[in-house]
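Asker: Dropping the sequence and predicted coords here.
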Amino acid sequence: MKHKLTTRWIATTAVLAAVYYALTVVFSPISYGPIQFRVSEVMNMLVFFNPSFGPGIVLGVFLSNITSPLGAYDLVFGTFHTAISLYFMSRVHNKWVASLMPALFAWIIGFELVLAFGGGIIGFLTMSLSVAASEVIICTLISVPVYEVLQKNPGFRSIVNKNPQ
């Protein structure tokens, strides 16, 4: 999706990135590594409702990964994982299926973790499944019910459904 560089779009993108970053840093002990539970991933479902929120979330991931103990690996693979997951989330019309996209692409993080920690094929499979399980818990089992409740709120709907361009 192309975006006009309006003040509103830039501000929305910056706020989303800042919130994602803050949630990741506050929960940093569980946000990085082979066993991770990144609470900030709850924000991914925003893209299902409004794809124009994607750049803010991807920027938030990039900023969060600057402080990652995995360094450049997380900057490249983590950011790519989010970008591709959000792209497909925005293309799917069923929220339950959309919520599974980060888990579907968890192999990208599994590959990153094998590069960082080693472990061969068994490590790759184990870490990919661990990350996928975390993504299912956060993006599907937590996010979808939370957003179902939020969608009943007219104020939330008016914010999420507005195009920040």
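Answerer: Received, thanks.

Asker: residue ranges of the helices in this structure, please?
Answerer: 7-26, 28-31, 46-49, 54-66, 72-73, 79-91, 95-99, 101-104, 106-117, 120-135, 143-150, 154-160 (DSSP state H).

Asker: need the ones you listed in TSV with mean neighbour count, mean pLDDT and distance to Arg38, can you?
Answerer: Just so you know, the C-beta spots here come from the backbone N, C-alpha and C atoms, and that holds for glycine as well. Shown next, in TSV, are the helices of the chain (neighbours: other CB atoms under 10 Å; pLDDT from 0 to 100; distance: least, CB to CB, whole Å):
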stretch	mean neighbour count	mean pLDDT	distance to Arg38
helix 7-26	17	96	6
helix 28-31	14	91	5
helix 46-49	23	96	15
helix 54-66	22	98	8
helix 72-73	15	96	15
helix 79-91	20	98	10
helix 95-99	18	98	15
helix 101-104	23	98	10
helix 106-117	20	96	10
helix 120-135	17	97	7
helix 143-150	14	97	12
helix 154-160	12	90	21
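
Asker: for those, which one sits closest to Val39?
Answerer: For the helices of the chain, the distance to Val39 is smallest for helix 7-26, at 5.3 Å, taking CB to CB.

Asker: Check which helices and strands the closest one sits against.
Answerer: Where contact means 3 or more CB pairs under 8 Å, 6 or more residues apart in numbering; DSSP states H and E, helix 7-26 is packed against helix 54-66.

Asker: What angle do helix 79-91 and the helix it packs on make with each other?
Answerer: Using axes from the mean of the first three to the mean of the last three CA atoms, to 10 degrees, the inter-axis angle of helix 54-66 relative to helix 79-91 is 160 degrees.

Asker: ok, and what's touching helix 54-66?
Answerer: For helix 54-66, the external contacting residues (CB atoms under 8 Å, 6 or more residues apart in numbering) are 1, 3, 12-21, 24-25, 31, 40, 43-44, 46-47, 74-75, 78-79, 82-83, 86-87, 90.

Asker: Check the offset of that helix from the chain's centre.
Answerer: Distance of helix 54-66 from its chain centroid, counting by CA atoms, centre = their mean, to the nearest Å, is 8 Å.
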